[in-house]
Structures are given as structure tokens and as C-alpha cells.
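1. pasting the sequence and the predicted model now:
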Amino acid sequence: MFQRRKDIIYVVLAGIFITNALVAELIGGKLIYIGDVVMSLGILPWPIVFITTDLINEYFGEKGVKKLSFITAGLIAYTFFLLLIGLQIPAVKGNGLITDEQFTAVFGQSMWIIVGSITAFLVSQLIDVTIFHFVKNRTGKKMIWLRSTGSTVISQLFDSFIVLGIAFWLPGKIDTKMFIASALTGYTVKLLIAIGLTPLIYLGHYLIEKYLAKDGK
């Protein structure tokens, strides 16, 4: 174990991927304004998820991403399960201590949000990996930007609508107009981020190739 540099890279990328995906789910219940449109705060960690997904896709293939995606979905469900238990345990009362109401306000996400988050995550990841390798099989090692950005652009369209649709629109927390506007705004932000991160994808490739070259990959 960890005898090859490639093993270390996978563990590091997987750790970054899982951490950011979990944080995105935990803060996703908070809605913020982008201009006049409402969107989820959970969008903040996704740029890092974009990068790690593409790098794992590139160096560990379709199976590597799919396995990690299912593991991450399981860990997200486990995290929500632990929070659900924590919500049932009374807090110690005292000045300056976190109350049950405060804890519930932050972590007491509804079942709709949990289901929406996990569903959107899995669907978008599976779409992303499929498109990524479809493009890679036709372009080879060239046009990294096309498979990285292209897969993100399409997968996040589904992600934006699924998570808001299940978590906020179906239970009636937002109306149809706000749902469509918020989903499109979130998607637009993700699209701009994906395009802006393209140079970092190339930087990641360069650093990994340089690191792997030291032990002959």
C-alpha cells in the first residue's frame, strides 16, 4: 500500500473530493442572493469538486470516479444519519453554549434536502464521468479543456435542477418561477466557475505528471 506515487495521489484527491462534497451538503440548506436571485450556499465548495473529479477521471478512469462517487454518497448519508441522532440528544444549557434550537437551525435539514442532495450528487457524477470518457475516447490526450469543461457543463445542468427541485420546489418551499430562476442562476455560476478553472486543470495535470515521473508511474 502506498508503494507507488499514484496510490498517494488517489488518496489525496479522494480526500479532497469527499471533504468538499460533504461540506457542500452541510451548508447547502442556506440560501443566498446572487443579485436578485436565490441560490444555495452549497455551490461554494463545488469548484474544488470539479477539479478533483476531472483529475481522478483522467488518471484513474471511469471506475475510479464511480466507486468514489458511491462511497461519497454513502458517507453523505452517514453524515446526515449522525446529525439526525445528534438532533435528538438534548444540549447542555448555559451561557454561551449552543442551544438545541441553534443546532437544529444549522443542521436540522429536512429529508427533502437530504434526498435531493444525494440524488443530484450521484446523477451529476455519473453523467460527468460518462461524458468525460466519451470525449476522451475521441480526442485522446488532446483537448483536456473540452472533456473537463464539457462534462461539467452538462452534468451540472442536471445537478442544479435536481437538488433544488427535490429539496425546495417539491415540498413547496419555493414556487416554480423562483425554482427555474434559482436553478438557472446556480447553473450559470457553476458554468462560469468551470470555465475559469480550466487553467487549474492544466496545472493539476502538469504537477501530477511531474510527480508520477519520479517513480516511472
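-> That came through, no problem. Numbering: from 1, shown residues only.

2. please identify the buried residues of the helix or strand of the chain with the lowest mean pLDDT?
-> Lowest on mean pLDDT, DSSP states H and E among the helices and strands of the chain sits strand 37-40, with a mean of 73. For strand 37-40, a neighbour-count test (16 or more other C-beta atoms under 10 Å) marks 37-40 as buried. C-beta coordinates here come from the backbone N, C-alpha and C atoms, glycine included.

3. with stretch 141-159 instead?
-> Neighbour-count burial for stretch 141-159 [16+ other C-beta under 10 Å]: 144, 147-159.

4. just send these back as TSV, with secondary structure too.
-> Below are the buried residues of stretch 141-159 laid out as TSV (DSSP: H, G, I helix; E, B strand; the rest coil):
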residue	secondary structure
I144	helix
R147	helix
S148	helix
T149	helix
G150	helix
S151	helix
T152	helix
V153	helix
I154	helix
S155	helix
Q156	helix
L157	helix
F158	helix
D159	helix
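
5. just put those in JSON lines and tack on pLDDT.
-> Below are those laid out as JSON lines (pLDDT from 0 to 100):
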{"residue": "I144", "pLDDT": "83"}
{"residue": "R147", "pLDDT": "86"}
{"residue": "S148", "pLDDT": "83"}
{"residue": "T149", "pLDDT": "82"}
{"residue": "G150", "pLDDT": "82"}
{"residue": "S151", "pLDDT": "87"}
{"residue": "T152", "pLDDT": "84"}
{"residue": "V153", "pLDDT": "84"}
{"residue": "I154", "pLDDT": "88"}
{"residue": "S155", "pLDDT": "89"}
{"residue": "Q156", "pLDDT": "85"}
{"residue": "L157", "pLDDT": "89"}
{"residue": "F158", "pLDDT": "91"}
{"residue": "D159", "pLDDT": "87"}
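
6. may I ask you to name the longest helix in the protein?
-> The longest helix of the chain (DSSP state H) is helix 46-88.

7. now tell me what touches whichever helix or strand comes after it from outside.
-> For helix 46-88, the following helix or strand on the C-terminal side (DSSP states H and E) is helix 100-107. The contact list for helix 100-107, computed with C-beta atoms under 8 Å, 6 or more residues apart in numbering, reads 26, 83, 86-87, 90-91.
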